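Asker: what's the 3D shape of this:
(one chain, ligands or ions: 1)
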Amino acid sequence: MKIVLATRNKHKVEEIKQILEIYLDPNLYSQLEILDISNFPWVPEIEEDGKTFAENALKKARVIHELTGLCSIADDSGIEVDFLNGEPGIYSARYAGERATDYENNEKLLRLLDGVPIEKRTATFRCVLAYVDGRVEKIFEGATKGKVIFEPRGMGGFGYDPLFVPDGYELTYAEMPKDLKNRISHRSKALQKFAEFLRAHLEYKNKF
Ligand code: IMP
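Answerer: Numbering: from 1, shown residues only. Below is the predicted model of the structure:
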């Protein structure tokens with residue numbers, strides 16, 4: 001079974017593959033051929049003009065399914081900071097501007113939280129996955145709560161990872177071994193639900 005990940009973000013592709021390997025049994029995982037947009041270089045940029053993670057994820061998955069004819073999964077994700085009334089949220093990738101780097105986005109977030117004490121720096125990382133195969137459309141969500149610290153720490157991961165310490169841990173996402181982030185993250189929780197769905201969906205399909 002071929003599945004196209006509707007993203008150009010290499011970090012997301014890598015994490016999604018590693019997480020699916022955790023939640024799918026080896027036999028099922030080996031039946032999947034996981035592709036991404038880099039396998040379809042002619043696919044144009046998809047504008048993320050939705051008002052929610054779910055709208056954006058569904059749009060990306062639908063477009064990629066229509067263009068490739070294959071099953072598609074899209075991940076729309078970001079960090080919601082309580083002190084900033086949920087910002088940057090769906091604008092996480094472009095918080096400091098259209099083509100902003102992770103460094104610039106992190107800088108902006110730290111600037112807006114300047115002087116805010118740790119107990120008020122609560123945040124939620126959210127991931128919404130959309131699956132579209134032409135007959136079925138499904139949404140899976142995952143969220144992980146934590147805090148935005150005062151300075152970046154750690155070299156792993158991507159995006160806001162160096163600033164986010166999940167509740168119950170001392171390390172930022174960027175300081176954790178990959179395997180730990182992949183077991184507790186917002187993306188992991190959404191993909192765990194997707195993996196359950198896929199298992200049941202394939203069992204059903206194999207019966208007929
Ligand atoms: P999207 O491609 O529009 O879904 O943007 C996702 C953005 O949210 C990324 O560019 C990151 O800034 C942020 N983000 C999402 N998931 C993560 C994560 O696991 N770690 C760090 N940042 C993330």
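Asker: phi and psi next, for the nearest residue to Phe194 once chain neighbours are set aside.
Answerer: Leaving aside its sequence neighbours, Phe194 sits nearest to Phe140 (C-beta to C-beta, 6 or more residues apart in numbering; 4.7 Å). Any C-beta I mention is one placed from the backbone N, CA and C, and that applies to glycine too. Backbone torsions for Phe140, taken as degrees, to the nearest 10, come to phi -130, psi 130.
Asker: close enough to count as contact, Phe140 and Leu191?
Answerer: Yes: between Phe140 and Leu191 there is a contact at 7.4 Å, judged by C-beta atoms under 8 Å.
Asker: which residue sits closest to whichever residue of the chain sits closest to the ligand in space, ignoring its chain neighbours?
Answerer: Closest residue of the chain to the ligand, C-beta to the nearest ligand atom: Gly159 (2.3 Å). Leaving aside its sequence neighbours, Gly159 sits nearest to Asp102 (C-beta to C-beta, 6+ apart; 5.4 Å).
Asker: pretty sure His201 contacts Ala195?
Answerer: No: His201 sits out of contact with Ala195 when judged by C-beta under 8 Å, with a separation of 10.5 Å.
Asker: more crowded one of those two?
Answerer: Between His201 and Ala195, Ala195 has the larger neighbour count (other C-beta atoms under 10 Å), namely 20 against 17.
Asker: any idea how many residues pack against the residue of the chain closest to the ligand?
Answerer: Neighbours of Gly159 under the rule other C-beta under 10 Å: 21.
Asker: so who does it touch?
Answerer: Contact partners of Gly159, counting by C-beta atoms under 8 Å, 6 or more residues apart in numbering, are His11, Ile79, Ser92, Ala93, Asp102, Asn105.
Asker: okay, these in JSON lines with distance to the ligand, secondary structure and pLDDT next?
Answerer: Supplementary listing: those in JSON lines, determined by distance: C-beta to the nearest ligand atom, whole Å; DSSP: H, G, I helix; E, B strand; the rest coil; pLDDT from 0 to 100:
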{"residue": "His11", "distance to the ligand": "8", "secondary structure": "helix", "pLDDT": "95"}
{"residue": "Ile79", "distance to the ligand": "6", "secondary structure": "strand", "pLDDT": "98"}
{"residue": "Ser92", "distance to the ligand": "3", "secondary structure": "helix", "pLDDT": "97"}
{"residue": "Ala93", "distance to the ligand": "3", "secondary structure": "helix", "pLDDT": "96"}
{"residue": "Asp102", "distance to the ligand": "6", "secondary structure": "helix", "pLDDT": "97"}
{"residue": "Asn105", "distance to the ligand": "6", "secondary structure": "helix", "pLDDT": "98"}
